[in-house]
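# Would you be able to build a 3D model of this:
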Amino acid sequence: MNSQLKLSVLDLVPRFGESSFEEALQQAVTLAQKVEAWGYGRYWAAEHHDLEHLSCASPEILLAHIGARTTRIRLGSGAVLLPHYSPLKVAENFRMLASLYPGRIDLGIGRAPGGSAHTSMALSGNFLGHVADLPQRIRALTELLEDRYRYEDVPVAAKPVPATPPVMWMLGTNTKSAGYAAEFGTGYVFGQFMSDTDGAEVLQAYREAFLPSAHLQEPCAMVAVSVVCAETEEQAKKLAAQIPRPGQRTVPTDPSGSDSSDPSQRLIIGTPASVRNRLQHMAEQYRCDEFLIVTPVSDYNARLESYRLLMEQQSTAAHI
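Numbering: from 1, shown residues only. So this is what the prediction gives:
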């Protein structure tokens, strides 16, 4: 496995303490700008609805804002919750982003509700029915992104049409989501930070079942992990101890739609060197060299410092 790990960022866009939603969104911009400067490859924003301490209900709007304030880093959704939406509208939104920021846009999709049952019903009606229709929605979305979609045998196109299309990914925590990614020839992100499932088996199932598509000829995978990194082990453990537990509404919704146990139990906690060593071991175990890093600490400055320290260690290791 390549010793040069690829590191990217998944932002749940949290609102800490008494911070306003406006402040939380500005912190998302700051995070994207900082991690771009430090050398991270991607900034992805999650989607959640009516959760008190999570601020992003519309990743596509936030990404448009951040795109205008960054220059290189890839921007993506982690994830657009496709059961709620028309595939045509999703394709239009992300083709618009890809036209505004050429070669920088990732379209990550998931099948979770993203909020409570009543919020989901208010958003899109019969959510469980929409989840049952998810394969048809994914098929329609891929056809729209490949300009071969027809409605009642009449061609329908998602415009604008960018020179470089958005790259489509499926996010999930089990073999069901991996199966969708394989069937439709998309990239796959395994959400280790939300899953008790053996990620190596899920990723192997994805690779074995993968069918090439117009935009992806070979399987491509990432792993999303929770990381708390600090100068010392003691500092890292102190930060990790402040992370909310289940029952508090700061805990994110699993993008696969499954229930999850205590996410704090899946944290990678430690110094820059120990965290990188753990990631290197996971890369070898999962045969995957790119990680989406979630840092769920309850302080914006500590979050930035965790990302900075990890990339500094990665850069040092790359030159040894």
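# can we go C-alpha only for contacts and neighbour counts from here?
Fine.
# how about the helices of the stretch 151-300 of the chain, start to end?
Ranges of helices in the stretch 151-300 of the chain, per DSSP state H, counting those that start in this stretch, are 175-183, 199-209, 233-241, 272-286, 300-318.
# Go through those and name the closest to Val35.
helix 300-318 (7.2 Å; CA to CA).
# what comes up buried for the closest one?
Neighbour counts over helix 300-318 (16 or more other CA atoms under 10 Å) mark 300, 302-304, 306-314 as buried.
# before we move on, what about stretch 114-124?
Gly114, Gly115, Ser120.
# Adding secondary structure and pLDDT, write the residues you listed out as TSV.
Shown next, in TSV, are these (DSSP: H, G, I helix; E, B strand; the rest coil; pLDDT from 0 to 100):
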residue	secondary structure	pLDDT
Gly114	coil	96
Gly115	coil	96
Ser120	helix	96
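# circling back: could you export the helices of the stretch 151-300 of the chain as CSV, including distance to Phe190 and mean pLDDT?
Shown next, in CSV, are the helices of the stretch 151-300 of the chain (distance: least, CA to CA, whole Å; pLDDT from 0 to 100):
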stretch, distance to Phe190, mean pLDDT
helix 175-183, 8, 97
helix 199-209, 7, 97
helix 233-241, 22, 96
helix 272-286, 10, 96
helix 300-318, 20, 94
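# Show me the one of those that comes nearest Leu10.
The nearest among those, by CA to CA, is helix 300-318 at 11.2 Å.
# contact partners of the closest one?
Helix 300-318 has contacts (CA atoms under 8 Å, 6 or more residues apart in numbering) with 3-5, 7, 16, 27, 31, 34-35, 38-40, 228-231, 272-273, 275-276, 295-297.
# among those residues, which are in strands?
Judged by DSSP state E, the subset of those located in strands is Leu7, Val228, Cys229.
# mind listing the strands for the stretch 101-250 of the chain?
105-110, 150-151, 154-155, 167-172, 187-191, 221-229 (DSSP state E, counting those that start in this stretch).
# Same list (those strands) but as JSON lines, adding mean pLDDT, mean neighbour count and distance to Ile268.
Below are these laid out as JSON lines (pLDDT from 0 to 100; neighbours: other CA atoms under 10 Å; distance: least, CA to CA, whole Å):
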{"stretch": "strand 105-110", "mean pLDDT": "98", "mean neighbour count": "26", "distance to Ile268": "24"}
{"stretch": "strand 150-151", "mean pLDDT": "98", "mean neighbour count": "11", "distance to Ile268": "46"}
{"stretch": "strand 154-155", "mean pLDDT": "98", "mean neighbour count": "10", "distance to Ile268": "48"}
{"stretch": "strand 167-172", "mean pLDDT": "98", "mean neighbour count": "26", "distance to Ile268": "19"}
{"stretch": "strand 187-191", "mean pLDDT": "98", "mean neighbour count": "26", "distance to Ile268": "14"}
{"stretch": "strand 221-229", "mean pLDDT": "97", "mean neighbour count": "26", "distance to Ile268": "5"}
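# Please render those as JSON lines that adds distance to Lys238 to the earlier fields.
Below are the strands of the stretch 101-250 of the chain laid out as JSON lines (distance: least, CA to CA, whole Å):
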{"stretch": "strand 105-110", "distance to Lys238": "32"}
{"stretch": "strand 150-151", "distance to Lys238": "55"}
{"stretch": "strand 154-155", "distance to Lys238": "57"}
{"stretch": "strand 167-172", "distance to Lys238": "29"}
{"stretch": "strand 187-191", "distance to Lys238": "24"}
{"stretch": "strand 221-229", "distance to Lys238": "10"}
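# measure the closest residue to Pro14 other than its chain neighbours to Leu25 for me?
The shortest distance from Pro14 to any non-neighbouring residue, by CA to CA, 6 or more residues apart in numbering, is to Leu54 (4.5 Å). The spacing between Leu54 and Leu25, counted by CA to CA, to the nearest Å, is 10 Å.
# intersection of neighbour lists for those two?
Common neighbours of Leu54 and Leu25 (CA under 8 Å, 6+ apart) are Val13.
# who has more neighbours, these two?
Applying other CA atoms under 10 Å to Leu54 and Leu25 shows that Leu54 carries more neighbours, namely 23 against 19.
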